[in-house]
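Asks: Output the structure for:
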Amino acid sequence: MDSVKIALTVNGRRHEREVEPRRLLSDFLREDLRLTGTHLACEHGVCGSCTILMNGQTARSCLTFAVMADGAEITTIEGLGSVENMHPLQAAFWEKHGLQCGFCTPGMLMSALELLRENPDASSEEIHQALAGNLCRCTGYQTIVEAVEAAAETMRGAER
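Replies: Modelled structure (predicted):
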């Protein structure tokens, strides 16, 4: 199969590569760019573990071909923050115990980020709704919702 040249920006850094048209964006991110924070579980778009932001909107990277991201701006969990400089969502997940094993956490954080950018005053119900496509087998979701609420409060305070 002939390769296709793509150019995209991932976490603020431009990348140009040759990829097979059938290469998944999740595989491109994990294997080609070594950004392994984007997790793969169901590989059917059901669990949300592979959620990234593409041009500011959540996308399932396991359902997206890399060629579909040509020209796009991608944000993965690695672009959200670092241990030294956590994003308010990351800090709130840590402080509120919004994670256990952490496997679903990158997808949860990316979904929550999209929600809070669009709706900084999201209600508990709206948070539940926004995270409905992200499955967690460890928690009861309550601490995850509390973490998103705490992050929203922090982010609103930072904007003022």
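Asks: Correct me if wrong: C104 contacts L131.
Replies: No: in this structure C104 lies outside contact range of L131 using Cβ atoms under 8 Å: 9.7 Å. To be clear about C-beta, it is placed using only N, CA and C from the backbone, and glycine gets the same treatment.
Asks: what about these two, which has more around it?
Replies: More neighbours surround C104 than the other of C104 and L131, with 24 against 21 (other Cβ atoms under 10 Å).
Asks: Only alpha carbons, please: show stretch 149-156 as PDB.
Replies: The C-alpha trace of stretch 149-156 is given here as PDB (Å, rounded to 0.1, in the frame of the first residue of the first chain):
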ATOM      1  CA  GLU A 149     -15.900  20.200  39.700                       C
ATOM      2  CA  ALA A 150     -12.800  21.200  41.700                       C
ATOM      3  CA  ALA A 151     -10.800  21.800  38.600                       C
ATOM      4  CA  ALA A 152     -13.600  23.900  37.100                       C
ATOM      5  CA  GLU A 153     -13.600  26.100  40.300                       C
ATOM      6  CA  THR A 154      -9.800  26.500  40.100                       C
ATOM      7  CA  MET A 155      -9.900  27.300  36.400                       C
ATOM      8  CA  ARG A 156     -12.700  29.900  36.900                       C
END
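Asks: A112 contacts H87, doesn't it?
Replies: No: in this structure, A112 is not within contact of H87 by Cβ under 8 Å, at 10.0 Å.
Asks: Counting neighbours, go ahead and name the busier of these two.
Replies: Shown here are A112 and H87; by other Cβ under 10 Å, A112 has more neighbours (27 against 18).
Asks: name the element the more buried one belongs to?
Replies: helix 105-118 (DSSP states H and E).
Asks: What residues of that helix count as buried?
Replies: 105-116 (16 or more other Cβ atoms under 10 Å).
Asks: Please apply the same query to stretch 82-94.
Replies: Judged by neighbour count (16+ other Cβ under 10 Å), stretch 82-94 contains these buried residues: 87-93.
Asks: Give me the distance between the two termini of stretch 128-137.
Replies: 16 Å (Cα to Cα, to the nearest Å).
Asks: coming back round to it: let's have the buried residues of helix 105-118 in a markdown table, adding distance to T64 and pLDDT.
Replies: As requested, the buried residues of helix 105-118 are exported to a markdown table (distance: Cβ to Cβ, whole Å; pLDDT from 0 to 100):
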| residue | distance to T64 | pLDDT |
| --- | --- | --- |
| T105 | 20 | 94 |
| P106 | 16 | 95 |
| G107 | 14 | 96 |
| M108 | 19 | 96 |
| L109 | 18 | 97 |
| M110 | 13 | 97 |
| S111 | 15 | 97 |
| A112 | 20 | 97 |
| L113 | 18 | 98 |
| E114 | 15 | 98 |
| L115 | 20 | 98 |
| L116 | 23 | 97 |
